[in-house]
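Asker: Please find the sequence and the predicted model below.
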Amino acid sequence: MNNSLNYHLKQPYPSMRIFKYLAIAAISISSFNTSATHLMGGEIIAQQISGLQYAIALTTYRDTLGVPMANIANFSIKDSNGTVIMTFSTAYDSVVSGNTLPMYPYGVEVYFFVDTITLPYQGMFTIGWSNCCRNGAIQNISSPLSQSMFLQTEVTAMDSLSNSTPFFLVPAAIFLPVNTPWQYNPLPFDPDGDSLHWDLSFPLNSWNSPCPGFTLPPAAASGPMTINPITGTITWTANTVGNFVATVLVNEYRNGVKIGSIRRDMQFITVQTSNAAPLWNTGNLPVDALGNIHVNLIQNSSYQLNLSGYSPSGQTLHVAAYGEPFFTQPNPASFTSTGSGINDSISAHILWAPSSAQTRSTPYILAVRLSDGYLMQDLSIIFQVSATAGQDESELLASQAYPNPAIDYITFKANPAHVIVISMDGRSHALQSTGTSWDVSTLPQGLYILRSFDQHGKLIGNDKLLIQ
């Protein structure tokens with residue numbers, strides 16, 4: 001089997017290395033529409049070079065059936081008061097832009113607009129870009145041909161400290177089969193180690209303004225579009241053929257304070273096809289109490305996780321793996337794959353012997369993508385690295401909040417600096433402290449994920465909380 005899509009990242013991304021990675025990653029993305037317009041999706045990242053100097057990168061996707069991509073991207077930057085303090089323009093990088101992406105049957109090109117700017121002072125800034133128009137075939141916003149695609153990202157410039165925006169490790173996924181459970185994980189990552197919280201959000205038409213008429217893409221009652229609050233996996237069972245837009249919003253926190261955000265605007269295309277989507281064999285994989293695939297590792301001990309997938313339609317399969325373990329130092333994980341030739345199946349192997357430097361309370365999240373060159377499925381995996389045997393996730397990440405179940409307030413045995421609750425549909429809410437307790441009185445009844453953080457923004461608790 002061809003596993004040429006596999007590549008592994010050897011280290012985090014200072015300065016411009018991230019843009020080279022994005023250019024490589026984009027080779028496995030594609031999309032399609034039937035409109036005369038051309039804009040399919042994109043995102044903006046801001047990577048600190050030194051002090052207040054930042055590299056700004058816009059990634060956009062163009063349908064080759066549409067009008068040509070604009071040569072110049074015009075950016076605006078607002079300060080925390082909403083005042084435009086800077087504008088700049090840059091041409092797309094002709095070396096890596098305009099290539100047609102090979103892994104899908106329809107033509108889509110990717111473009112990279114990269115420039116270096118110096119922000120005037122420290123503080124939070126919002127970087128925005130807009131172009132017209134969206135695909136007229138999009139069904140979950142009003143009058144899409146009259147709506148611009150607007151992308152924005154927030155970054156807090158820190159002259160003496162390191163701070164870049166988060167970015168996504170996994171390429172966008174576009175095609176999915178109708179009436180079939182489907183999973184995709186964009187896998188947000190922050191090079192500075194800040195805390196990230198993700199959510200499904202609305203696409204923008206202008207600064208902070210949702211596209212009129214936006215609704216989440218239609219779905220079967222048993223499979224609405226949701227995002228997993230622990231792994232970031234988007235799950236969806238689409239029940240309508242067509243073109244739909246959605247956005248992943250990732251907020252970044254340090255010391256319990258929001259310091260940035262990034263949005264990925266995505267167009268999904270649901271198709272009716274005689275070829276069944278590729279599937280993972282998950283029956284023998286270890287899972288936690290919430291059903292997430294979860295592996296406990298011990299420092300300085302080697303572990304191999306074996307995965308397998310197959311194509312019910314007999315299509316040739318490809319597999320790729322993404323995640324921090326593949327570039328964390330000093331002992332990065334390795335990934336290999338082989339094909340068995342039976343039912344066009346494929347086997348994948350993740351081998352890791354983490355060092356003591358890689359033990360931490362925050363879990364590592366990986367995503368492994370199975371693709372037949374048209375349809376794909378992502379598999380998300382949690383790796384928890386502990387110092388000793390028996391020190392599992394429940395011990396490392398016990399929030400120790402009480403009472404649980406709760407009605408109006410909760411208290412922690414170790415008082416955190418910042419607390420987030422996440423509902424089962426992926427919506428996150430920051431709790432307010434009353435001094436020694438945290439107010440949950442406004443939350444609807446139900447089960448939540450409870451995440452707590454110390455004064456350095458480090459995750460110290462990750463439990464379930466029941467609100468009565």
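Answerer: That came through, no problem.

Asker: What is the longest strand anywhere in the chain packed up against?
Answerer: Ranked by residue count and defined by DSSP state E, the top strand of the chain is strand 257-271. The contact analysis (3 or more Cβ pairs under 8 Å, 6 or more residues apart in numbering; DSSP states H and E) places strand 257-271 against strand 39-50, strand 149-157, strand 167-168, strand 175-177, strand 242-254. The C-beta positions use only the backbone N, C-alpha and C, and glycine is treated the same way.

Asker: Phe412 - how many residues pack around it?
Answerer: Counted with other Cβ atoms under 10 Å, residues neighbouring Phe412 total 18.

Asker: so who does it touch?
Answerer: Going by Cβ atoms under 8 Å, 6 or more residues apart in numbering, Phe412 touches Ser399, Gln400, Ala401, Val419, Trp438, Ser452, Gly461.

Asker: Quick one: buried ones out of those?
Answerer: Neighbour-count burial (16 or more other Cβ atoms under 10 Å) applied to these gives Ser399, Ala401, Val419, Trp438, Ser452, Gly461.

Asker: Tell me who's in contact with the second one.
Answerer: Under the criterion of Cβ under 8 Å, 6+ apart, the neighbours of Ala401 are Ile410, Thr411, Phe412, Trp438, Leu450, Ser452, Gly461, Asp463, Leu465.

Asker: Save the residues you listed as TSV, and put in secondary structure and distance to Asp192 too.
Answerer: Output for these, formatted as TSV (DSSP: H, G, I helix; E, B strand; the rest coil; distance: Cβ to Cβ, whole Å):
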residue	secondary structure	distance to Asp192
Ile410	strand	29
Thr411	strand	31
Phe412	strand	26
Trp438	strand	26
Leu450	strand	24
Ser452	strand	20
Gly461	strand	21
Asp463	strand	26
Leu465	strand	28
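
Asker: Put the alpha carbons of the host helix or strand of His197 into CSV.
Answerer: Using DSSP states H and E, His197 sits in strand 195-201. Output of strand 195-201 as CSV, limited to C-alpha atoms (Å, rounded to 0.1, in the frame of the first residue of the first chain):
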residue,chain,number,x,y,z
SER,A,195,-4.2,26.1,27.2
LEU,A,196,-6.6,25.7,24.2
HIS,A,197,-10.4,25.5,24.2
TRP,A,198,-12.2,24.6,21.0
ASP,A,199,-15.7,24.9,19.9
LEU,A,200,-17.9,24.8,16.8
SER,A,201,-18.6,28.4,15.7
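
Asker: Parallel or antiparallel, which strands does that strand pair with?
Answerer: strand 242-254 (antiparallel) (DSSP bridges).

Asker: Give the rounded mean pLDDT of the partner strand.
Answerer: What strand 242-254 shows for mean pLDDT is 93.

Asker: One more: stretch 413-427?
Answerer: Averaging pLDDT along stretch 413-427 yields 78.

Asker: Only C-alpha atoms, please: export that stretch in CSV.
Answerer: Extracted C-alpha coordinates of stretch 413-427, given in CSV (Å, rounded to 0.1, in the frame of the first residue of the first chain):
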residue,chain,number,x,y,z
LYS,A,413,-9.9,21.1,47.2
ALA,A,414,-7.0,22.8,45.4
ASN,A,415,-8.2,26.2,44.3
PRO,A,416,-7.7,26.7,40.5
ALA,A,417,-7.1,30.1,38.8
HIS,A,418,-9.4,29.4,35.8
VAL,A,419,-12.3,26.9,35.3
ILE,A,420,-14.1,25.9,32.1
VAL,A,421,-17.1,23.6,31.8
ILE,A,422,-17.9,21.9,28.4
SER,A,423,-21.3,20.5,27.6
MET,A,424,-21.6,17.3,25.7
ASP,A,425,-22.3,19.1,22.5
GLY,A,426,-18.9,20.8,22.7
ARG,A,427,-20.0,24.2,24.0
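
Asker: how far is the strand holding His197 from where the chain is centred?
Answerer: Centre-to-centre, strand 195-201 and its host chain are 8 Å apart (Cα atoms, centre = their mean, to the nearest Å).

Asker: which is the next helix or strand following it?
Answerer: Assigned by DSSP H and E, the successor of strand 195-201 is strand 204-206.

Asker: Which strands or helices does that next one pack on?
Answerer: strand 149-157.

Asker: Now do stretch 403-412: distance from first to last residue.
Answerer: 9 Å (Cα to Cα, to the nearest Å).

Asker: Give me the buried positions along it.
Answerer: Within stretch 403-412, the residues that qualify as buried are Ala406, Ile410, Phe412, counting by 16+ other Cβ under 10 Å.

Asker: Could you do stretch 421-430 as well?
Answerer: The neighbour-count check on stretch 421-430 (16+ other Cβ under 10 Å) flags Val421, Ile422, Ser423, Gly426, Ser428 as buried.

Asker: can I get those in TSV with distance to Pro330 and secondary structure?
Answerer: Below are these laid out as TSV (distance: Cβ to Cβ, whole Å; DSSP: H, G, I helix; E, B strand; the rest coil):
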residue	distance to Pro330	secondary structure
Val421	36	strand
Ile422	33	strand
Ser423	39	strand
Gly426	35	coil
Ser428	34	strand
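
Asker: Looking at the residues you listed, which is nearest Gly260?
Answerer: Comparing these against Gly260 with Cβ to Cβ places Ser428 closest, at 15.5 Å.

Asker: Brilliant, that's me finished.
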